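Engineer: Dropping the sequence and predicted coords here.
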Amino acid sequence: MVMRLIILVATLIVSGAAAQAQSLVFGTSDPTISIHSSFSGETVTLFGNIEPDTAGTMPSGAYDIVMVVRGPVEDRVVRRKSRQFGIMLNADYALFSGLPSFYRIASSRPIETLLDAETIDRRQFSLHGLARATLSESNGNVALYENELVRLMERSNLFRADPRGVTFMSPTFFSARIVLPANVPNGMFLAQVFVVRDGEIIADRAQRFFVQKSGFERFLGEAAVDQPLLYGLATVLLALFTGWMGGVLFRR
């Protein structure tokens, strides 16, 4: 009897917590981004609305949004060169495994004012936190390699943090514009949105979109992977033909 009472109380507590959970609608303007020969970048609009909870009420207080966009994961190596016997050679290195090839984090206000440091670190809501979490192997100064990775990715426009990147159009409707650079990688991207109120994450949602080559560029990419021998022969023949044609034209 006591055990049944405990289970009943626990069930009521869980049900009450679920009833207070916020609902969230989230979407993207472009489910598929096509890369072609003249591709110079693209802007994706992510938008959403905070819905009432299961009881049909909206808790009082202002909301904030943290939005994260991650590209396909990859392994990256950061190396440090040093002079050895008068020659600059690779020395120490750091390996970052499972690193997003593209990473954007946007928020309605600076994240440091919304969440505590432990939550920011656990959720990887910072560029340096992401680098620290994905570092798998190193034989040098860890902090130096983490900073260098962030610097290189920022310079390539693949990492970015925008503390004012999310705009509220109404008390519950929000949107953000994410710029994809010309060197954006192909593959599946994951956009995540987190609703923050009073220093706590009360709702979250994820949405996928894809970046892929189209037209002749896609044909070449697939041929290089699916038919590497034929692709290599075609490349050699094209180079020979181009060299022969150049010689004919210049001889005239």
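Structural biologist: Perfect, thanks for sending it. Numbering: from 1, shown residues only.

Engineer: Am I right that residue 233 sits in a helix?
Structural biologist: Yes. Under DSSP: H, G, I helix; E, B strand; the rest coil, residue 233 sits within a helix.

Engineer: and it, what does it touch?
Structural biologist: Residue 233 makes no contacts at all, as judged by Cβ atoms under 8 Å, 6 or more residues apart in numbering. Bear in mind the C-beta positions are built from the backbone N, C-alpha and C, glycine included.

Engineer: Break the chain into its domains for me.
Structural biologist: When the chain is parsed with automatic domain parsing, its domains come out as 22-213, 215-252.

Engineer: isn't residue 195 right next to residue 202, touching?
Structural biologist: Yes. Residue 195 lies in contact with residue 202 (Cβ atoms under 8 Å); the separation is 5.4 Å.

Engineer: Which one's more surrounded, those two?
Structural biologist: residue 195 (22 against 17; other Cβ atoms under 10 Å).

Engineer: how much space between the closest residue to that one other than its chain neighbours and residue 114?
Structural biologist: What sits nearest to residue 195 in space, not counting adjacent residues and going by Cβ to Cβ, 6 or more residues apart in numbering, is residue 203, at 4.1 Å. To residue 114, residue 203 is 14 Å away according to Cβ to Cβ, to the nearest Å.

Engineer: The residue nearest to residue 195: how many residues sit nearby?
Structural biologist: By other Cβ under 10 Å, neighbour count at residue 203 equals 19.

Engineer: Please apply the same query to the one 4 residues further on.
Structural biologist: A count of nearby residues for residue 207, using other Cβ under 10 Å, gives 16.

Engineer: what helix or strand does it sit in?
Structural biologist: Residue 207 is part of strand 200-213 when elements are defined by DSSP states H and E.

Engineer: Could you do residue 244 as well?
Structural biologist: Following DSSP H and E, one finds residue 244 within helix 228-251.

Engineer: before we move on, the earlier item: which strands and helices lie in contact with the strand holding residue 207?
Structural biologist: In terms of contacts (3 or more Cβ pairs under 8 Å, 6 or more residues apart in numbering; DSSP states H and E), strand 200-213 is packed against strand 23-28, strand 32-35, strand 42-51, strand 187-197.

Engineer: how about it: buried residues?
Structural biologist: Applying a neighbour-count criterion of 16 or more other Cβ atoms under 10 Å, one finds 201-204, 207, 209, 211, 213 buried in strand 200-213.

Engineer: nearest to residue 153, of those residues?
Structural biologist: residue 211 (16.9 Å; Cβ to Cβ).

Engineer: Please report the distance of that closest one from residue 204.
Structural biologist: 23 Å.

Engineer: Residue 115 too?
Structural biologist: 13 Å.

Engineer: try residue 119
Structural biologist: 12 Å.

Engineer: Equivalent analysis for residue 28, please.
Structural biologist: Counting by Cβ to Cβ, the gap from residue 28 to residue 204 is 16 Å.

Engineer: What of residue 147?
Structural biologist: For residue 147, the distance to residue 204 - Cβ to Cβ - is 29 Å.

Engineer: what's the answer for residue 170, then?
Structural biologist: Taken as Cβ to Cβ, the span from residue 170 to residue 204 is 20 Å.

Engineer: again with residue 228
Structural biologist: In terms of Cβ to Cβ, residue 228 sits 42 Å off from residue 204.

Engineer: Also residue 196?
Structural biologist: 10 Å.

Engineer: Equivalent analysis for residue 146, please.
Structural biologist: For residue 146, the distance to residue 204 - Cβ to Cβ - is 26 Å.

Engineer: Also residue 45?
Structural biologist: The gap separating residue 45 from residue 204 is 19 Å, by Cβ to Cβ.

Engineer: Let me know the helix or strand that the residue nearest to residue 97 when sequence neighbours are not counted is in.
Structural biologist: Among residues not flanking residue 97 along the chain, residue 136 sits closest, at 4.1 Å (Cβ to Cβ, 6+ apart). Residue 136 is located in strand 135-138, with elements delineated by DSSP H and E.
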